[in-house]
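Participant: only geometry, no sequence info:
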């Protein structure tokens, strides 16, 4: 195999190809990652007969752990969206927080909804609520828009069962510690959300959008009518909260100290806390949200969720294939020995993810690709402990939100559904994601200094 500095050249060319292929040539990330895996394998001098096997095993290995989890999570998100459960969750949070703090309410609503629902879809679903609440409270439309967008973004990149963080956890070998990833993700993402909220308040005083001067075409109450009878709060929240609680309990009972012993309760909670089992239970709860059990819902809605998950699964599997190739070549060892002289530690995954995110636009692709790239480097970075791996997922998530701009579909969803011109969207939304990413990596860096 190739040795020395040429390995770095091969890796850089591979990464550059992924960025150019996805951002400039508009090649699908699945094909881009797969071509990069083959290219790096051949260029690094892997035995030809081992290349196909390595890619196949890398692809299948990552999906064996998280493929079903991604599918179930995406189906739950689709049902929450189509049944109006996301609207119920928004109404519930609004009642708790109150209309006197509309911006904070929007941040919290976005934070919760984006755990199972993609941030693009979440923003569209909640747009009418945001507009109506801004008019009722005479609040800046820009403030409300950025508060909602940053609330959605916080959990989108940091908290499983959102597909990106799950894929990153799988690439880093944390499939049996997903409960810990969720708990740390929630802890880290709260100040991330608040950073976005405080910036939203500042941006709202400084910038305006068309929404500030428009009358409502459709009120929030009128928009809700298309869903018919909305589900109650318990039904709406259960498909999200029950799996998270079960996964967290499963992690607790499996602590090395075995706090609840190793009897029947341990077996039950360990079983229920496995991510695939917990998400399946969440899926069962989501079925109670269906207005009717007929072909449209049981086949149509669930089928749409399956279609939505397919792309994520393919990209995740291709990322696993690339990771397997990198682990099978000397690239990881050489890169690791080179980078140790810079003492970058937890900040390296952040920098790589931020570069990929800014260059090609997709947070999920940045999470998948970066986790595959840094997996072989965990030892030399001093992050090969369980907590080191969990915080690496957080660092990659921080990079994957830095920054959202014109090559990101979410940027255009926020701009178009908020009546912002491009300049205002850059000054408010793009800067907000920069602040969120920097705040997050500072928090992760502090936690790494204490816990790793």
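Facilitator: Arrived safely, thanks for sending. This structure is a prediction, so every number in the text was calculated from the model and none was measured.

Participant: does residue 208 count as helix, strand or coil?
Facilitator: Under DSSP: H, G, I helix; E, B strand; the rest coil, the three-state class of residue 208 is coil.

Participant: how many neighbours does it have?
Facilitator: Per other Cβ atoms under 10 Å, the neighbour tally for residue 208 reads 14. (C-beta placed from N, C-alpha, C; glycine too.)

Participant: and the nearest residue to it once chain neighbours are set aside, what element?
Facilitator: Distance criterion Cβ to Cβ, 6 or more residues apart in numbering; nearest residue to residue 208, sequence neighbours excluded, is residue 142 at 6.3 Å. Assessed by DSSP states H and E, residue 142 sits inside helix 141-158.

Participant: And for residue 310?
Facilitator: helix 302-328.

Participant: Buried residues, that helix. List them.
Facilitator: Applying a neighbour-count criterion of 16 or more other Cβ atoms under 10 Å, one finds 302, 304-305, 308-309, 312-326, 328 buried in helix 302-328.

Participant: gap between stretch 186-199 and the chain center?
Facilitator: 15 Å (Cα atoms, centre = their mean, to the nearest Å).

Participant: list the buried ones in it?
Facilitator: 186, 188, 189, 190, 192, 193, 194, 195, 196, 197, 198, 199.

Participant: count of residues packed around the residue nearest to residue 208?
Facilitator: Residue 142 has 27 neighbouring residues, counting by other Cβ under 10 Å.

Participant: Any figure for the gap between it and residue 111?
Facilitator: 19 Å (Cβ to Cβ, to the nearest Å).

Participant: Over to residue 378?
Facilitator: Residue 378 is 29 Å from residue 111, by Cβ to Cβ.

Participant: if you count what's nearby, which of the two comes out ahead?
Facilitator: residue 111 (27 against 19).

Participant: wait, that one sits on residue 191?
Facilitator: No: look at residue 111 against residue 191 with Cβ atoms under 8 Å: they stay out of range, at 11.5 Å.

Participant: thinking again about what came up before, of all the buried residues of stretch 186-199, which comes closest to residue 50?
Facilitator: Ranked by distance to residue 50 (Cβ to Cβ), the buried residues of stretch 186-199 are led by residue 188 at 38.6 Å.

Participant: Let me know the pLDDT of that closest one.
Facilitator: For residue 188, the model assigns a pLDDT of 97.

Participant: Tell me who's in contact with residue 318.
Facilitator: Residue 318 is in contact with 29, 30, 31, 33, 34, 37, 59, 368, counting by Cβ atoms under 8 Å, 6 or more residues apart in numbering.

Participant: how about 7 Å then?
Facilitator: Neighbouring residues of residue 318 by Cβ atoms under 7 Å, 6 or more residues apart in numbering: 30, 33, 34, 59.

Participant: Grab the nearest non-local neighbour of the second one.
Facilitator: By the measure of Cβ to Cβ, 6+ apart, the closest residue to residue 33 outside its immediate chain neighbours is residue 318, 3.7 Å from it.

Participant: Tell me the pLDDT of that neighbour.
Facilitator: 90.

Participant: Residue 421 too?
Facilitator: With respect to pLDDT, residue 421 scores 88.

Participant: Could you tell me how many residues sit around it?
Facilitator: 12.

Participant: Report the separation between it and residue 403.
Facilitator: 18 Å.

Participant: ok, now residue 269?
Facilitator: Distance, residue 269 to residue 403, by Cβ to Cβ: 40 Å.

Participant: Kindly report the same for residue 304.
Facilitator: Distance, residue 304 to residue 403, using Cβ to Cβ: 30 Å.

Participant: Need phi/psi at residue 401.
Facilitator: Dihedral pair for residue 401: phi -110, psi 0, per degrees, to the nearest 10.

Participant: Closest one to residue 90 out of the contacts of residue 318, please.
Facilitator: Distances from residue 90 to the contacts of residue 318, taken by Cβ to Cβ, are shortest for residue 30, at 33.5 Å.

Participant: Could you verify my assumption that the closest one touches residue 315?
Facilitator: Yes: the pair residue 30 / residue 315 is scored as a contact, 5.3 Å apart, by Cβ atoms under 7 Å.

Participant: Report pLDDT for residue 261.
Facilitator: Reported pLDDT for residue 261: 85.

Participant: same question, residue 340
Facilitator: Residue 340 is assigned a pLDDT of 62 by the prediction.

Participant: Equivalent analysis for residue 200, please.
Facilitator: pLDDT, residue 200: 97.

Participant: For it, give me its contacts.
Facilitator: Per Cβ under 7 Å, 6+ apart, neighbours of residue 200: 103, 143, 146, 147, 150, 432.

Participant: Give me the three-state assignment for it.
Facilitator: Following three-state DSSP, residue 200 is assigned to helix.

Participant: The spatially most central residue of the chain and residue 259, how far apart?
Facilitator: Geometric centre of the chain, nearest residue: residue 157, 3.0 Å, by Cα atoms, centre = their mean. Distance of residue 157 to residue 259, given as Cβ to Cβ: 31 Å.

Participant: ditto for residue 448
Facilitator: 25 Å.

Participant: Give me the more crowded residue out of the two.
Facilitator: Using other Cβ under 10 Å, the more surrounded residue of residue 448 and residue 259 is residue 448, with 22 against 10.

Participant: which secondary structure element contains the more buried one?
Facilitator: With DSSP H and E as the test, residue 448 turns up in helix 431-451.

Participant: what angle separates that helix from helix 141-158?
Facilitator: Helix 431-451 runs at 40 degrees relative to helix 141-158, counting by axes from the mean of the first three to the mean of the last three Cα atoms, to 10 degrees.

Participant: So what touches helix 431-451?
Facilitator: Against helix 431-451 from outside (Cβ under 7 Å, 6+ apart): 146, 150, 153-154, 188, 191-192, 195-196, 199-200, 345-347, 350, 354, 387, 391, 394-395, 398-399, 401-404.

Participant: Just the buried residues of the residues you listed.
Facilitator: Applying 16+ other Cβ under 10 Å to the contacts of helix 431-451 flags 146, 150, 153-154, 188, 192, 195-196, 199-200, 345-347, 350, 354, 387, 391, 394-395, 398-399, 401-404 as buried.

Participant: Just the ones in strands from the residues you listed, please.
Facilitator: Judged by DSSP state E, strands contain none of the buried ones among the contacts of helix 431-451.

Participant: Among these, which lie within helices?
Facilitator: Counting by DSSP state H, those place 146, 150, 153-154, 188, 192, 195-196, 199-200, 347, 350, 354, 387, 391, 394-395, 398-399 in helices.

Participant: And the strands in the stretch 151-300 of the chain?
Facilitator: For the stretch 151-300 of the chain, applying DSSP state E, counting those that start in this stretch gives no strands.

Participant: For the stretch 151-300 of the chain, give me the ranges with low pLDDT.
Facilitator: Across the stretch 151-300 of the chain, the ranges flagged by pLDDT under 70 are 215-220, 223.

Participant: How are the helices of it distributed by residue range?
Facilitator: 163-171, 178-206, 220-224, 233-253, 264-273, 275-287 (DSSP state H, counting those that start in this stretch).
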